[in-house]
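Student: Mind looking at a prediction? Sequence and model below.
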Amino acid sequence: MGPILMVMENGEAGFTDSSKELVAKARELADTLGTSSVAVGFGPDAESHLRHLPVDRGIAVSNPELSQYNPLAYEKALSKILEDNQPFLTLIPNTTMGMDLGAGVAARRSLPLVAYCSELTVEGRDVVATSQVFAGKLMAEIALPESGAVITVVPGAWSIDTGSGDPEVSVTSVEISQAMNILQTIEPEKGDVDITKADILISVGRGIESPDNLPMAEELAEAIGGVVSCSRPVVDAGWLPKARQVGKSGQTVKPKLYMAFGISGAPEHQQGMRDADLIIAVNTDENASIMDIAHYGTTVDMLELMPALTERLRGE
Amino acid sequence: MRIAVLMKSVPDLVEDIALDEDSGQVLFDEMTYVPSEWDDQALEEALLIKEESGAEVTAVTVDTGDSDNILFTALAKGADHAVKLVGDYDPSLTNRRRAQIFADYLRDQAFDLVLSGVQAIDDIDGQVPGLVAGIMGWPHASVVTEVHSKDKGVVLRQEYAGGLVAEIEASTPLVIGIQAARKPPRYASIAKVRQVAKTQQIEEVEAESPDVPTLAVRRFYKPVASGHAEMIDGDVEEVASRIIEILQERNLLRR
Amino acid sequence: MQKAKAIELDVAVVDGVELKGSWNRMFEPRAISEYDLSVLEEITAIPGAESLGYCYQCGKCTGVCPVDTVGDYSPRKIFRRTQLGISLIDSPDLWLCTTCRNCLRVCPKEVNMIDIMPAVREQAVLEGKAPEELLTAFENTARYGNPIGESPRKRVEWTKSAGVPIPIMSQKKAPVDVLWFVECYPSYHPRGKQASAALARIFDALHIDFGILGNEEKCAGDSQRMAGEHGLFEMLAEHNIKMLSKYSFNQIVVTDPHAYNAFLHEYPKYGGEWPVQHYTQYLSEHLGDIQFTREIPYRVTFHDPCYLGRHNGEYEAPRRLLNALPGMELVEMGHCRETSYCCGGGGGGMWLDSFTRDYASERLSERRVREAVEYEAEILAVTCPYEVPRFEDAVKSTGNAGKLAVMDIAELLAYSMGLVDSLAMAN
Ligand SMILES: Cc1cc2nc3c(=O)[nH]c(=O)nc-3n(C[C@H](O)[C@H](O)[C@H](O)COP(=O)(O)OP(=O)(O)OC[C@H]3O[C@@H](n4cnc5c(N)ncnc54)[C@H](O)[C@@H]3O)c2cc1C
Ligand code: SF4
Ligand code: SF4
């Protein structure tokens, strides 16, 4: 059986969390199946980063231009690596890179593709992948064929292995075609928040009582890595701009986490957020209709809970 | 510039998904279908390119029994041609096979640009643009939010986590997976769509059913039953700790 | 500007009589100011929008237009702005009118916003200039048959919690006396569903032989028509007429004044002609059969829905029902009957909440709620499905929670008849 291969994505400092999440799982699978784990990295620093990963082997594609993702060059390099190494599974984070690269490489190599994968388990002789389909409303279980597959893994599926190793790293490079050039990278503009793109929303309603309490929500959002959104009365009062309003006459959002603080859950509000992956409602009224669609609820005072959460998150 | 926009419909999640819980199979015939929202974005971006610098836009679907409305709507919005790839296909058609059918058609057509939605919700491999490009051996870029025609190629914007954007210059031919168009998709008034349906033609092209690498889904199941919220009791400190725990369990906390 | 030119005849002979003296002097007409009227002409050339050109700036409409009381808007102003070259198609003004019909009541020149608005809006929709919120409601309606975007398969779901059998025509397979056209908000909105359940219980208690279309029903579409999507309206009308034509019944009863308007004036144009009544009209004819068992010891005021009152002249039926309720005291607000204020939901206003906020100091629903509170009402009785959600929301946003409850007349009747156990009073 071929190795379990994982593609590491470059972030601001070394590999991204979502690619580091692949490592422990790849090793576990490799151990159970009696094969090896191989990590692939790109760019001039890949070699040194790979040397510390707890994997069996590393492959660094060391062209200096490739510290940044380039669809064409990455795909060319990875196709070659797959051809040479014949891995059983190729794991890629289901990020922009994974969505782009995964499908392309799978098609080029005539391999099947499993996207949105959230779990991989070994059952007897089979490796079974679980994929979140229909926007997370259904899970699909797929027994992977021995001929292998490309798998893109949703960020957050597994925990990061904090251990380190000392794998042997081979260094290669790829000929970069001029058919695709990165001209520049643009940082997101600060200030204009797009709540529809945030993974985590700290959403406040009339229960916030006064604009003086808004910093509490901002601090919590900052600590958890989210953005503050709100129900309509908060916009009506002029405490937050219209672009932050969730609901029928505001934005429709589908974050991974929606925390509703002091929002009753009127139908017009629900219309904009009911598809969030996880909804936690904080409302002193346990019969508020937000509780009908929330996954978790609590009736403690939001004005006390927000700082308590912030404190814990900062303390981590 | 000749642009093809690959479109499809997906089960409507406003309805409950038709799942036979015993066999674990999705009953594709029993669901209602809507145009995939990302394909709508792709069509919009194509029409914006057309308005900006001139292009001929062709909307293409594989006929799984429900394409006409998508195609007439595309024509009403401003697409120049509509093509329906016909064969013995039904709504359970897998994306991989669909991608192969698209690729087989596109190969003989001299399109410069192929646009499609970055993903579709209805299969384990919704990334049609990457699949089509990989099959044809064309370059591609996905999660794109803006495309302009420039000289002989295009300049596009690819978006990463956290809103970071790369501006990429690419030559054609090229396949692009659209995440969002520059502007919200335009509205085609019903009167216009009905008029188009009476006056314009959809071109039908026979498409054979290809062999592709497939995966068998062993079973589909629903994740967790939701109903009323599970209440977290205790004082503020206890509740805060429990919430942090829940977030940790779900890997929602930044490390 | 040119100078006035006098016309004076040396000899003026009228009917053979020579007029003497200088009093035959007249002035030639002259232009005091000249406008480039091309923009106005573009608008009045749109079929339906002709009457905008009749305006002679008397200003009567400004005094009665509800939107002007919270903003800067009225037919007079629209005419003037268009005359000055601001195209109505590009102006936010186009989306502020709620088609409440109050201006038409007073306009000496019959400048008819009820025709102008849908016509010009249709043009704007075609040109891609309609607000996003509104387009979402259109898309939802086209796709799901309701503007809320709820599943069409769940349109009958409310019947399960009604507590009485509600016959669905496709299953009943027998003629009925009354075909109840339920409409969208009464089928899907939580408060609308409560009112529907109340009305169902009343029908049941009165042994009315009725049925509903269930999932075969789609939005009647009248507000979408007023908001500029005539094609969508047509499609909905054709669908509903086709469904209704499958069954036999003696008359239609509607919950929604907007549907009432459609069935009365528009559906006949598409071959759908049936006797139709609003439920307040129908029930007021059956008052003799109703037995009231509970008092409603509150001060109640009534908001006339624009599309029942001003549009279709029915002011008495709801009042007959309210006056029959034992124990309650009906107070009229200053704006009532013909001069009733508007809740802001008509003509597409229901789907323009965010858009209109930028052009209004407060929502029309909020102003109306303040008026009800001024009259010390404890219950604001309504009879249009847009109004319960709108006014309940406004009660909260004006800080009157606990002071004023908003109830559909059907809910009040059902309570007083002992058919529901509690008045869902907000306080
Ligand atoms: C046409 C129309 C369009 C609309 N569009 C939208 C829209 O797009 N978005 C939107 O949000 N609304 C919209 N609304 C308004 C909607 O109907 C509700 O009025 C609104 O959502 C209520 O906001 P809320 O939940 O913040 O306030 P409330 O309903 O007043 O709820 C406040 C909640 O906070 C709780 N609370 C108070 N203090 C605390 C505390 N210290 N700790 C914990 N909980 C506390 C209370 O128990 C209560 O449940 C629309 C209404 C209409 C009619
Ligand atoms: S119909 Fe009503 S809202 Fe519209 S202009 Fe006339 S008075 Fe104003
Ligand atoms: S009442 Fe009629 S004529 Fe007078 S200003 Fe208004 S629209 Fe013009």
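Tutor: Received, thanks. Ligands and ions are numbered 1, 2, ... in the order given.

Student: make it CA atoms for all contacts and neighbour counts henceforth
Tutor: Will do.

Student: Residues in contact with the helix ranked longest in chain A: which ones?
Tutor: Using DSSP state H to define each element, chain A has its longest helix at helix A:17-33. When contacts are defined by CA atoms under 8 Å, 6 or more residues apart in numbering or on different chains, helix A:17-33 is touched by residues A:3-9, A:36-37, A:53-55, A:91-93, A:121-122, A:153-161.

Student: Would you mark the buried spots in it?
Tutor: Going by neighbour count (16 or more other CA atoms under 10 Å in any protein chain shown), the buried part of helix A:17-33 is A:17-30, A:33.

Student: And stretch A:133-148, by the same measure?
Tutor: Here stretch A:133-148 shows A:133-145, A:148 as buried, counting by 16+ other CA under 10 Å.

Student: swap in stretch A:171-178?
Tutor: Using 16+ other CA under 10 Å as the test for burial, stretch A:171-178 gives A:171, A:176.

Student: Touching that stretch from outside, list them.
Tutor: In contact with stretch A:171-178 (CA under 8 Å, 6+ apart) are residues A:47, A:59-63, A:72-73, A:76-77.

Student: hmm, back to that, which of the buried residues of stretch A:133-148 fall in helices?
Tutor: Using DSSP H, none of the buried residues of stretch A:133-148 sit in helices.

Student: one step back: turn the contacts of stretch A:171-178 into JSON lines, including pLDDT.
Tutor: Below are the contacts of stretch A:171-178 laid out as JSON lines (pLDDT from 0 to 100):
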{"residue": "A:Glu47", "pLDDT": "95"}
{"residue": "A:Ile59", "pLDDT": "97"}
{"residue": "A:Ala60", "pLDDT": "97"}
{"residue": "A:Val61", "pLDDT": "97"}
{"residue": "A:Ser62", "pLDDT": "95"}
{"residue": "A:Asn63", "pLDDT": "95"}
{"residue": "A:Leu72", "pLDDT": "95"}
{"residue": "A:Ala73", "pLDDT": "96"}
{"residue": "A:Lys76", "pLDDT": "96"}
{"residue": "A:Ala77", "pLDDT": "97"}
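
Student: Output the below-cut-off pLDDT ranges for chain C.
Tutor: Residues of chain C that meet the criterion pLDDT under 70 lie in C:1-4, C:20-26, C:29-32, C:424-427.

Student: domains of it?
Tutor: Listed domain ranges for chain C are C:12-126, C:132-284, C:291-416 (source: automatic domain parsing).

Student: A:Leu240: which of these is closest?
Tutor: Taking CA to CA, domain C:291-416 is the member of these nearest to A:Leu240, at 13.7 Å.

Student: Break down the stretch 151-255 of chain B into its helices, ranges please.
Tutor: Using DSSP state H, counting those that start in this stretch, the helices assigned to the stretch 151-255 of chain B run over residues B:190-199, B:236-249.

Student: rewinding a little: closest to C:Leu9 among the contacts of stretch A:171-178?
Tutor: The closest of the contacts of stretch A:171-178, once distances to C:Leu9 are taken by CA to CA, is A:Leu72, at 91.6 Å.

Student: what sits against the residue nearest to that closest one when sequence neighbours are not counted?
Tutor: Closest residue to A:Leu72 in three dimensions, ignoring its sequence neighbours and counting by CA to CA, 6 or more residues apart in numbering or on different chains: B:Pro139, at 5.9 Å. Contacts for B:Pro139 (CA under 8 Å, 6+ apart) come out as A:71-72, B:133, B:173-175.

Student: Could you pull up the residues touching residue 154?
Tutor: All of this is about chain A. Listed by CA under 8 Å, 6+ apart, the contact set of A:Val154 reads A:18, A:93-95, A:116-118.

Student: other chain: chain C
Tutor: By CA under 8 Å, 6+ apart, the residues touching C:Lys154 are C:Asn215.

Student: gap between it and ligand 1?
Tutor: Here the distance between C:Lys154 and ligand 1 works out to 21 Å (CA to the nearest ligand atom, to the nearest Å).
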